[in-house]
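Visitor: take a look and give me a structure for this.
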Amino acid sequence: MLNLDIPGILSTILVLTLSLSTHEYAHGRVAYALGDDTAAQAGRLTLNPLAHLDPLGALAFLIARIGWAKPVPVNYSKLTKAKSPKQGVMLVSLAGPVSNLIIAFVAAFLFNLLRVVAALVAVNSQSMSPGMVQFFRFLYDLFLTFYFSNIGLAIFNLLPLPPLDGSKILAFFLPDRAFLWLARYERYIGLAMLALFIFAGSYMGRVLSWLATPFNYVLMLPWSSLADWLIRRIMV
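Guide: As a prediction, this is how the structure comes out:
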């Protein structure tokens with residue numbers, strides 16, 4: 001008999017739908033603000049997951065916590081409100097990872113707020129019912145899944161490798177000649193990157209984990225330290 005973790009599966013699906021949809025919506029929203037209505041015309045300027053989810057990317061997210069959605073269509077020639085085409089491309093590309101970092105920041109806050117609330121409940125009631133313990137455990141896991149998954153999505157997409165957002169952000173700082181070369185060979189570099197993840201996935205996982213360290217210091221540690229201090233005060 002299969003021992004399915006139904007709450008875990010549901011929380012992962014919730015994280016998947018909200019995180020990837022917000023990522024693509026952010027791309028479209030910034031492009032719209034800069035003058036390109038392509039995403040809006042295609043019905044992609046929405047947080048509705050059905051408009052954004054890619055089946056293969058969703059499966060990869062469920063298995064490895066690293067996935068992707070259908071790219072939001074952007075006509076870079078319409079980004080007339082940007083100072084330059086390169087700046088427009090950079091701002092649109094940066095919007096997706098930044099949206100994931102914002103979600104991670106909020107998830108870190110809610111996780112540590114829940115720790116403080118649990119300490120207050122434990123002190124005032126002396127003990128918690130099994131149902132209350134399960135409820136808190138579900139929320140703990142949910143917020144941590146939101147946090148780590150969005151950190152992973154942000155870092156993965158910030159890698160300066162085509163076709164990831166990071167390559168377009170990097171292109172902003174490159175000379176025009178290098179920018180055009182990168183655009184010309186984006187498809188081939190992307191295929192090489194895919195092969196790298198397939199054949200050296202464990203090593204890439206270690207690299208992503210290492211790259212997450214500074215984000216943890218900025219996004220999680222302040223809330224965690226504050227929650228630890230409050231819990232010590234509550235328990236006195």
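Visitor: pLDDT score for residue 224?
Guide: Here, the pLDDT recorded for residue 224 equals 96.
Visitor: need the contact list for it.
Guide: Residues touching residue 224, when contacts are defined by C-beta atoms under 8 Å, 6 or more residues apart in numbering, comprise 108, 112. The way it works is simple: take the backbone N, C-alpha and C, and place the C-beta from them, glycine included.
Visitor: surely it is within a helix?
Guide: Yes: counting by DSSP: H, G, I helix; E, B strand; the rest coil, residue 224 is part of a helix.
Visitor: so which residues make contact with stretch 41-49?
Guide: For stretch 41-49, with C-beta under 8 Å, 6+ apart as the criterion, the contacting residues are 16-18, 20-22, 24-25, 28-29, 32, 39, 51-52, 72-73.
Visitor: what's the ChimeraX syntax to select whichever of the residues you listed are buried?
Guide: To isolate in ChimeraX the members of those that are buried, counting by 16 or more other C-beta atoms under 10 Å, one can use:
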select :16,17,18,20,21,22,24,25,28,29,32,39,51,52,72
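Visitor: in strands, which of the contacts of stretch 41-49 fall?
Guide: Among the contacts of stretch 41-49, the subset assigned to strands under DSSP state E is empty.
Visitor: of all the contacts of stretch 41-49, which two lie farthest apart?
Guide: Greatest spatial distance in these: 16 and 32, 24.3 Å, computed using C-beta to C-beta.
Visitor: helix, strand, or coil at the nearest residue to residue 144 once chain neighbours are set aside?
Guide: If you skip the residues right next to it in sequence, residue 144 has residue 111 as its closest partner in space, 6.0 Å away by C-beta to C-beta, 6 or more residues apart in numbering. In the three-state summary, residue 111 is assigned as helix, counting by three-state DSSP.
Visitor: what's the burial count for residue 111?
Guide: Close neighbours of residue 111, defined as other C-beta atoms under 10 Å, add up to 22.
Visitor: and it, how far from residue 96?
Guide: 23 Å (C-beta to C-beta, to the nearest Å).
Visitor: and what of residue 89?
Guide: Taking C-beta to C-beta as the criterion, residue 89 is separated from residue 96 by 13 Å.
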